[in-house]
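[1] Got a predicted structure plus its sequence, pasted below:
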Amino acid sequence: MPIHFDVDGDVAIITIDRLDAANAIDRPTADQLADAFRRFDANPSLAVAVLTGTGGKFCAGADLKAINETALLGEESRAVRVEPEGDGPLGPTRMLLDKPVIAAVEGHAVAGGFELALWCDLRIVAEDAVFGVYCRRWGVPLMDGGTVRLGRIVGHGRALDIILTGRAVPAPEALQIGLATRVVPPGETLKTAVEMAHKMAGLPQGALRSDRRSAYEQWSHELPEALLAEYHHGMSTLLTGETLAGVARYASRAWTKDDFF
């Protein structure tokens, strides 16, 4: 199976395992990856997911050999799906989940692998990891949200530099421009991401999820509509009683420094 789904308490760990192809994704892998995230999102006992790759590599993007086989042999079973509706070419990249996902990035997150990392909410990155639109060299366009999400994360000017040149973006630069959430020693990304995921899972989930949803949905609204949507998301949390319980815990000082990251 090219996609592994493991559970650590309230955290799902989803792993791309195609090391012989630098964890590049073909159609069956994309289908399994999308299904894995649907499984995570539908499971009420799971709060946060971590996406990673085997063998010290995150993901090299779409499997270009599978695409080439399709062109040469007419074989359609392994080339990634490219359709305007449904799942993205690499699987989950058109989904807006109800719960957060953290990328644990070792090695290369390039081309579509870069886009997968951008799809995640947060990115824990190894000191020697590299991002990049390497597909620029082969005439392969970004079709898993890269042209949309990169600019929203790092700004339009920086995004165009990265997209148009196809250059490598090393971890220190990724941290400086806000692409990396944290940079850690090589081999430590999964451990760090899982620890962060457990801390996030321990927070009141109603407010966390409604604020996250509002942060994503605001991009498609004008400011007045975005503020109104934020109000409605916030009210839905208030009505659950979660906020009153949290305020009571604060007032009773039933908290420690461990409640903070």
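    Received it, and whenever you're ready, just let me know what you need. Remember, predicted model here, so these are calculated numbers, not experimental data.
[2] Flag the shaky bits of the stretch 1-150 of the chain, pLDDT-wise.
    Across the stretch 1-150 of the chain, the ranges flagged by pLDDT under 70 are 68-77.
[3] all helices for it, in order.
    27-42, 64-73, 112-119, 146-154 (DSSP state H, counting those that start in this stretch).
[4] Figure out which of the ones you listed is closest to Ala251.
    helix 27-42 (33.9 Å; Cβ to Cβ). For every residue, glycine as well, the C-beta is placed using N, CA and C.
[5] Thought Arg18 was touching Gly55, still the case?
    No. Here Gly55 lies out of contact with Arg18, judged by Cβ atoms under 8 Å, at a distance of 9.5 Å.
[6] higher neighbour count, those two?
    Between Gly55 and Arg18, counted using other Cβ atoms under 10 Å, Arg18 has the larger neighbour count: 21 against 13.
[7] Backbone torsions only: list them for the more buried one.
    Dihedral angles of Arg18 (phi, psi; degrees, to the nearest 10) stand at phi -140, psi 60.
[8] what's it in contact with, if anything?
    The neighbourhood of Arg18, defined by Cβ atoms under 8 Å, 6 or more residues apart in numbering, consists of Pro2, Ala24, Ile25, Asp26, Thr29, Asp63.
[9] mind running it again at 7 Å?
    Pro2, Ala24, Thr29 (Cβ atoms under 7 Å, 6 or more residues apart in numbering).
[10] cool, Val140 as well?
    Ala111.
[11] hmm, try it at 8 Å
    Gly61, Ala62, Leu64, Ala111 are the contacts of Val140 under Cβ under 8 Å, 6+ apart.
[12] Can you report how many residues lie near the last one?
    The local packing of Ala111 (other Cβ under 10 Å) involves 28 other residues.
[13] Now it: closest residue in space, sequence neighbours ignored.
    Nearest residue to Ala111, sequence neighbours excluded (Cβ to Cβ, 6 or more residues apart in numbering): Gly61, at 3.0 Å.
[14] Does the one you found touch Arg136 like I think?
    No. Judged on Cβ under 8 Å, Gly61 makes no contact with Arg136 at a distance of 11.4 Å.
[15] Name the residue in those two with the higher neighbour count.
    Between Gly61 and Arg136, counted using other Cβ under 10 Å, Gly61 has the larger neighbour count: 28 against 17.
[16] follow-up on the earlier one: I'd like the contacts of Arg18 laid out as JSON lines, including neighbour count and distance to Val194.
    Putting the contacts of Arg18 into JSON lines (neighbours: other Cβ atoms under 10 Å; distance: Cβ to Cβ, whole Å) gives the following:
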{"residue": "Pro2", "neighbour count": "19", "distance to Val194": "21"}
{"residue": "Ala24", "neighbour count": "25", "distance to Val194": "24"}
{"residue": "Thr29", "neighbour count": "26", "distance to Val194": "22"}
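[17] and which of those residues is nearest to Leu164?
    Ala24 (23.0 Å).
[18] Quick check, the closest one in contact with Leu64.
    Yes. Using Cβ under 8 Å, Ala24 is in contact with Leu64, at 7.3 Å.
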